[in-house]
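Participant: Got a predicted structure here, sequence first:
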Amino acid sequence: MKYKQIDPLLFVKNRKKFTAAMRPNSVAVFNSNDIYPVSADSTLPFAQHRDIFYLSGIDQEESILVLFPDAPFEQLRELLFVRETNAQIAVWEGAKLTQAQAFEVSGIKTVYWLADFERVLKEIMAYADTMYINTNEHYRSAVETQTREDRFIKWWKETYPAHQVAKSNPILQQIRSIKEAEEIALIQHACDITEKGFRRVLSFVKPGVWEYEIEAELIHEFIRNRSKGFAYTPIIASGNNSNVLHYIENNQACLSGDLILLDTASEYANYSSDLTRTIPVNGRYSKRQRQVYDAVLRVKNEATKMLAPGTLWRNYHEEVGKIMTSELLGLGLLDRADLQNEDPAWPAYKKYFMHGTSHQLGLDTHDYGLLHLPMEANMVFTVEPGIYIPEEGFGIRLEDNVVIQPQGEPINLMKNIPILAEEIESLMNT
């Protein structure tokens, strides 16, 4: 991995949180992701399943974590299974984790080769009553591909039909949503790399550059700072492309007088940052662009103040909608008649601001978190309002990443990334 090794005590703490919520005499199994094929002998770059990484720090394919806190023998309470390496694998693919290295990364003492998994699991299942299976229940999930986890669940149910079944995901949704100090530091590091990329872009952009050239500048800066690259598919949307919420073609020239909406951010050690800035191609906002820009910034600043322990996600978005409505009235995009005739299920402001303001952030860009529960300290959220005006040829979105505090306003992990229009103009014209 490019990133520096993480202190295994983080994963020890994470496992303790998970096992504390398990039923008596139960076992939980977590699988690595597959390496996905493209065609012929080509594959996509490996990306680890975030749950096994969260609980073990293992960032290697074909790995399995087993947790059995009530096992009658200590050596069966935490187990790792990793792919056995050999000289041929080392030559063709590079060396894989040894058993000693797997312990150093995870803090798990009992490490087997993967070939031993079914044999050891058979012994474990003779002692256990319940199996926690790890299904994907994220509210945004729309995955059709059968995963390694899915195949394991199918095999296990057929092999051990008499055992009870429980779900890992509800536990993970709660514990992963509240970040340890080490995790916040990793997200901050990802934000700091993102800052370097953004500042590089400010000195690079000028009329005539192409969106993909900006993408190239960013990936260069991210990788040279030990990131694997983008935390998510980058959005580099100039002109009217900025009104397409998930524009990812990044294949158009950037023209003088247009804006570029940059929704681009770095990952670090599998932790995501998530930045959006909107900058002028020629280094100067027009009067109208500046009016809308400042309105979006005011909404972002007011929304951020509301992220506090006890806040409900649904109520938060309703309040942000009221602030946005006021700004849209001031910009002349809405009038009183629009408000009188609005559909309560789709308020008038959604014509220009149709997405949510915040989502949780962490190992996943849209991270775990049960949205019906009140917010808590040490949750990390994005704040990303926008105003999109196709008829005027531009959209503006601004986004920062913040950590909810026990008291007071959240800490902004992106406070050092330029956001004021005057500062962006100054840096682009230096």
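Facilitator: Good, I have the coordinates.
Participant: Strands of the stretch 301-430 of the chain, start to end?
Facilitator: Taking DSSP state E, counting those that start in this stretch as the criterion, the stretch 301-430 of the chain contains strands spanning 380-383, 386-389, 394-397, 400-403, 411-412.
Participant: can I get those strands in TSV with mean pLDDT, distance to residue 32 and mean neighbour count?
Facilitator: Every residue, glycine included, has its C-beta placed from N, CA and C. Shown next, in TSV, are those (pLDDT from 0 to 100; distance: least, C-beta to C-beta, whole Å; neighbours: other C-beta atoms under 10 Å):
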stretch	mean pLDDT	distance to residue 32	mean neighbour count
strand 380-383	98	25	26
strand 386-389	98	36	23
strand 394-397	98	35	25
strand 400-403	98	27	23
strand 411-412	98	33	15
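Participant: and the ones you listed as a markdown table, adding distance to residue 281?
Facilitator: Formatted as a markdown table, the entries for the strands of the stretch 301-430 of the chain read as follows, by distance: least, C-beta to C-beta, whole Å:
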| stretch | distance to residue 281 |
| --- | --- |
| strand 380-383 | 25 |
| strand 386-389 | 17 |
| strand 394-397 | 11 |
| strand 400-403 | 23 |
| strand 411-412 | 27 |
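Participant: Quick one, which of those strands gets closest to residue 254.
Facilitator: Closest of the strands of the stretch 301-430 of the chain to residue 254 is strand 394-397, at 12.3 Å (criterion: C-beta to C-beta).
Participant: Which strands border the closest one, and is each parallel or antiparallel?
Facilitator: According to DSSP bridges, the neighbouring strands of strand 394-397, each with its direction, are strand 386-389 (antiparallel).
Participant: Give me the contacts around the partner strand.
Facilitator: 242-243, 245, 276, 292, 295-296, 324, 327-328, 331, 333, 352-355, 395-398 (C-beta atoms under 8 Å, 6 or more residues apart in numbering).
Participant: can you map out the strands along the stretch 151-300 of the chain?
Facilitator: If you assign secondary structure with DSSP E, counting those that start in this stretch, the strands in the stretch 151-300 of the chain sit at 164-167, 235-238, 259-263, 267-268, 271-272, 276-280.
Participant: Can I get those in CSV including distance to residue 316 and mean pLDDT?
Facilitator: Listed next are the strands of the stretch 151-300 of the chain as CSV, based on distance: least, C-beta to C-beta, whole Å; pLDDT from 0 to 100:
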stretch, distance to residue 316, mean pLDDT
strand 164-167, 27, 98
strand 235-238, 24, 98
strand 259-263, 21, 98
strand 267-268, 26, 98
strand 271-272, 21, 98
strand 276-280, 19, 98
